[in-house]
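In: quick check, what structure comes out for this input:
(chains A and B)
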Amino acid sequence: MIITEKKEYKKILESLKGMDSIYVVGCGRCATSCSTGGEEQVFDIIAKLKKDSKKIAGSYIIEAPCDERLVAKFSRAEKSKIDKADALLVLGCGAGVQTVSDVIKLPAYPALESVFLGKTKTLGRFYELCVMCGDCALEETGGICPVARCSKHLLNGPCGGSHKGKCEVDENLDCAWYLIFERLKELKQFDRIKKYMKPKDYSKAIRPRKVELR
Amino acid sequence: MTFKEALKVKDFVITAELSPPKGIDLEAVLKKADLLKGKVDGVNATDNQVAVLHLSSVAFCALLKQKGLDPILQMNCRDRNALAMEADLLGAYALGIRNVLAITGDYPKKSLHHVVKPVFDIDSVQLIKLIKDMNKGIDFAGEPLVGAPSFTVGGVVNPGADPIEGQLVKLKKKIDAGAEFIQTQIVYDIDGFKKFKDLTKDIKVKMLLGILPIRSVKMIKAIQNIPGVHLPKKLIERIEKAKDPVREGIEISAEIISGLKGYIDGVHFMTLNNVESIPDILSRI
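Out: Next comes the predicted model:
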């Protein structure tokens, strides 16, 4: 899931300077799960914008604002309201904001910060797990990714700053390599760790990336 | 005698680090470098240590070389990608620098430069391999170099890390990648280091013990914050009670080295540029 956080409201308001009428878009998937772009958050930001004398042209939660087909459907259904708006405010990740902006010829502004790809542990607790490097080696590291979970993306073991299972960067942060060692011991695959890991192939992550199956 | 030769023939190899300044005023540090002449086998030039800006380690090594010292270029993985590392290594070689210490580098989070992008393109094991490949005339892309360097390359280890197994696995990888010497993190715990040595009996390259002479009570807290550095209570008390903590720190350093003779192949002094203490310590061991 793409984890998002709310952008500082002051910054959102600043980005909407000179725009009177705003159409607010929420996200029915990741941002709803993160409680950053669901119904409640859309209502909340509408109330704030009204208080700051903005007109609300309309609001809608697109099931997935990152799916161009769904955004196109939405834009047709809500055309009359969107036409009255000066800008769209999107409570979704960066992919959502850009997809909306590609389809609808109005300025689209982000209401969220896209922070990482990760898991939900419990409500409101999210953890980064993957950097989408395109060169996965989880089979070597007991299913724990050192690229995403070690601050230094080290591939051949911990740095000297790893202490009692914690990271030198933040004592509340688990050392990914400590976790990897423990997991591989559990899996009786400890020997895997002794293998030299080659440098990452960054040519697999030339931006912007695309997958075109057809 | 060069550092490389010392590694081959000496039973006890001595190195010391010097940090270049944050700026271009080199006078003071080059005077310190003069004090090391004839006292050490190699001088490490730190590379933006603790992610704080310093004059380039390559440039500083070249200046040390001009002074007649044999510099050991510290190269971290935080500030350069593999391409920049290779370019700096070739440039360093052209300037007469023959030794490299491959290190990971501290994360810049606690530095004043905390907003910079940490690179970590390759890690310290991969850097050692990169340098050894360059020695064979092959670059990171597997292509031939026009003239190959001949670096002596080393790595680091933290003997006090807890748990230690991560360090052991990584140390073995560094040796397998071709590390020819090891300089350790600073050590105060004699018994702890002996246990570490028992676990690394298969390591045949020279291991130089990291020594940081304590100079004040204030330093104690900073040392205690270094991951994997265990400062025994007895030593803390000695510094706290000492009339002259600098002198006491020198005594303690000499005792640690003497206490570990037979377990180490030499020492690596990390004195925060207080290199004046080195001859004093050496005369006591």
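In: and the nearest residue to residue B:264 once chain neighbours are set aside, helix, strand or coil?
Out: In space, residue B:264 comes closest to residue B:209 once its chain neighbours are excluded; the distance is 4.5 Å by C-beta to C-beta, 6 or more residues apart in numbering or on different chains. Just so you know, the C-beta spots here come from the backbone N, C-alpha and C atoms, and that holds for glycine as well. State at residue B:209, reduced to three classes by DSSP: H, G, I helix; E, B strand; the rest coil: strand.
In: please apply the same query to residue B:16.
Out: strand.
In: now swap in the one 5 residues further on and tell me
Out: Following three-state DSSP, we place residue B:21 in the coil state.
In: and it, what does it touch?
Out: By C-beta atoms under 8 Å, 6 or more residues apart in numbering or on different chains, the contact list for residue B:21 reads B:28, B:29, B:54, B:55.
In: now render those as TSV, adding distance to chain A.
Out: As requested, the contacts of residue B:21 are exported to TSV (distance: C-beta to the nearest C-beta, whole Å):
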residue	distance to chain A
B:28	29
B:29	25
B:54	20
B:55	24
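In: give me the buried positions along the lengthiest helix in chain A.
Out: Counting by DSSP state H, the longest helix found in chain A is helix A:39-51. For helix A:39-51, the neighbour count (16 or more other C-beta atoms under 10 Å in any protein chain shown) marks A:41, A:42, A:45, A:46, A:49 as buried.
In: mind listing the strands for chain A?
Out: Remark: strands assigned in chain A by DSSP state E are A:2-6, A:21-27, A:55-62, A:87-91, A:108-110, A:112-122, A:125-130.
In: sorry, back to before: which other helices and strands contact the longest helix of chain A?
Out: helix A:9-15, strand A:21-27, strand A:55-62, strand A:87-91 (3 or more C-beta pairs under 8 Å, 6 or more residues apart in numbering or on different chains; DSSP states H and E).
In: which one, of those, ends up nearest to chain B?
Out: Closest to chain B of the helices and strands packed on helix A:39-51, according to C-beta to the nearest C-beta: helix A:9-15, at 18.0 Å.
In: what's the neighbour count on residue A:186?
Out: 10 (other C-beta atoms under 10 Å in any protein chain shown).
In: what do you get for residue B:261?
Out: 9.
In: could you find the closest non-adjacent residue to it?
Out: Using C-beta to C-beta, 6+ apart, the nearest residue to residue B:261 is residue B:285, at 7.5 Å.
In: got a list of contacts for stretch A:76-85?
Out: Residues contacting stretch A:76-85 (C-beta under 8 Å, 6+ apart): A:21, A:22, A:23, A:57, A:58, A:60, A:75, A:88, A:104, A:106.
In: returning to that earlier point: sort out for me which of the contacts of residue B:21 are in helices.
Out: Secondary structure assignment by DSSP H places B:28, B:29 of the contacts of residue B:21 in helices.
In: need the contact list for residue 163.
Out: Went with chain A since none was named. A:175, B:161, B:162, B:227, B:228.
In: actually, chain B is the one I wanted.
Out: A:164, A:165, A:178, A:181.
In: and the last one, how close does it get to residue A:165?
Out: For residue A:181, the distance to residue A:165 (C-beta to C-beta, to the nearest Å) stands at 9 Å.
In: with neighbour numbers in mind, choose between the two.
Out: residue A:181 (24 against 17).
In: contacting residues around the more buried one?
Out: So residue A:181 contacts A:190, A:193, B:163, B:165, B:166, B:169 (C-beta under 8 Å, 6+ apart).
In: which of those residues sits closest to residue B:98?
Out: In terms of C-beta to C-beta, no member of these lies closer to residue B:98 than residue B:169, at 29.0 Å.
In: what is the mean pLDDT for the one helix or strand that closest one maps to?
Out: Using DSSP states H and E, residue B:169 sits in helix B:165-177. Mean per-residue pLDDT for helix B:165-177: 97.
In: just stretch A:84-91 next, same as before
Out: 98.
In: buried sites along it?
Out: Buried residues in stretch A:84-91 (16+ other C-beta under 10 Å): A:85, A:86, A:87, A:88, A:89, A:90, A:91.
In: thanks a lot, see you next time.
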